[in-house]
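J.: sequence unknown, structure follows:
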């Protein structure tokens with residue numbers, strides 16, 4: 001897309017958020033699902049990207065899996081101005097059935113497929129064909145209803161590329177609107193009170209769930225810090241190798257065990273080439289980590305982690321990002337990462 005086309009896309013996206021009719025958080029979830037799947041899937045040569053509605057449904061389930069938890073004093077938030085959203089109700093039931101373990105739910109292939117199908121039907125009924133309604137107009141700049149076939153929509157040429165390029169900015173806009181919508185729902189006002197941690201609750205990390213990775217990674221790394229190689233004598237810290245701030249990917253292959261000092265120094269930077277090479281070898285190419293994750297019923301998806309890594313480093317290369325080496329040492333991204341992630 002040209003600079004002019006990029007600007008037109010961003011203007012349409014902003015207009016959708018400013019002028020679109022939002023009575024629930026479904027539209028925000030749909031926008032986020034489109035952006036995330038554009039990162040995780042490669043478009044066709046003509047720039048179009050087919051997306052099954054069941055794939056969108058899978059994302060909905062992932063987003064609401066955390067949000068259905070009680071927010072305060074055992075009370076859950078509402079995500080619709082009327083009756084509780086049907087997707088939220090079904091996700092809450094599934095979460096209870098699998099004791100909060102998303103990986104276990106996904107591993108139950110028949111039940112997961114049925115849940116995705118049910119959520120997909122809800123998406124087709126409400127947000128899918130109303131998302132691009134602005135005032136009394138329909139502005140089909142993301143996908144066209146006329147192109148819908150065989151249970152999938154098709155992102156228009158250049159849309160997937162724009163969603164990939166501006167993913168961080170768009171996620172910030174989507175989440176801001178999502179938080180505001182939850183705050184506007186009258187049923188939530190007494191629950192929320194004067195609290196300011198709503199964004200962390202809606203989009204943060206479930207620490208209790210992540211702690212389950214710690215033992216697996218300690219075994220896999222033989223008790224050593226992933227970055228400096230020295231022994232981790234205390235509990236250590238889990239680090240998202242592709243930083244959470246860049247893309248929220250909670251699969252085992254995207255985690256490493258690190259010293260707190262190394263983790264704090266790396267922060268939200270991409271890691272330098274030696275770390276990237278080691279990550280590719282240990283977490284992606286080795287089947288041992290996948291086996292350990294499977295045995296513990298933990299989320300495992302090396303292919304997805306690799307695709308997200310390619311996207312993140314391509315973004316870093318285009319913006320001439322600084323890659324973290326150690327301590328306060330950084331190197332500018334340079335050629336070589338493409339070969340590691342090919």
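T.: Arrived safely, thanks for sending. Computed from a prediction, not measured in an experiment: that's the story for all the values here.
J.: What segments of the stretch 101-250 of the chain are helices?
T.: Per DSSP state H, counting those that start in this stretch, the stretch 101-250 of the chain carries helices over the ranges 102-107, 109-125, 127-130, 159-165, 167-184, 189-192, 198-203, 207-210, 214-220.
J.: For residue 246, which of the ones you listed is the nearest?
T.: Closest to residue 246 of the helices of the stretch 101-250 of the chain is helix 167-184 (Cβ to Cβ; 6.7 Å). Backbone N, C-alpha and C define where each C-beta goes, glycine included.
J.: Can you point out the buried residues in that closest one?
T.: Across helix 167-184, burial judged by 16 or more other Cβ atoms under 10 Å covers 167, 170, 171, 173, 174, 177, 178, 179, 181, 182.
J.: Which neighbouring elements make contact with that helix?
T.: helix 3-19, helix 26-40, helix 189-192, helix 198-203 (3 or more Cβ pairs under 8 Å, 6 or more residues apart in numbering; DSSP states H and E).
J.: Give me the mean pLDDT for the shortest one.
T.: Here helix 189-192 scores 91 as its mean pLDDT.
J.: Quick one: residues in contact with the lowest-mean-pLDDT helix or strand in the chain.
T.: Lowest on mean pLDDT, DSSP states H and E among the helices and strands of the chain sits helix 207-210, with a mean of 75. The contact list for helix 207-210, computed with Cβ atoms under 8 Å, 6 or more residues apart in numbering, reads 100, 101, 102, 238, 250, 255.
J.: Just to check, residue 60 is in contact with residue 88?
T.: No - taking contacts as Cβ atoms under 8 Å, residue 60 lies outside contact range of residue 88: 9.5 Å.
J.: Those two - which one has more neighbours?
T.: With neighbours defined as other Cβ atoms under 10 Å, residue 60 and residue 88 compare such that residue 60 has more, 25 against 21.
J.: what about the more buried one, which helix or strand?
T.: Secondary structure assignment for residue 60, by DSSP states H and E: helix 53-67.
J.: next SSE after that helix?
T.: Next along from helix 53-67, by DSSP H and E: helix 86-97.
J.: elements contacting that following helix?
T.: Looks like helix 86-97 contacts helix 53-67, helix 102-107, helix 109-125 (3+ Cβ pairs under 8 Å, 6+ apart).
J.: what pLDDT, on average, does it get?
T.: Helix 86-97 shows a mean pLDDT of 95.
J.: tell me how far it is from the chain's mean position?
T.: Distance of helix 86-97 from the chain centroid (Cα atoms, centre = their mean, to the nearest Å) equals 19 Å.
J.: Per-residue pLDDT of the closest residue to residue 275 other than its chain neighbours, please?
T.: Closest residue in space to residue 275, ignoring its immediate chain neighbours: residue 227 at 6.3 Å, by Cβ to Cβ, 6 or more residues apart in numbering. On the pLDDT scale, residue 227 is placed at 98.
J.: who touches residue 227 in this structure?
T.: 256, 258, 259, 262, 266, 271, 275, 326.
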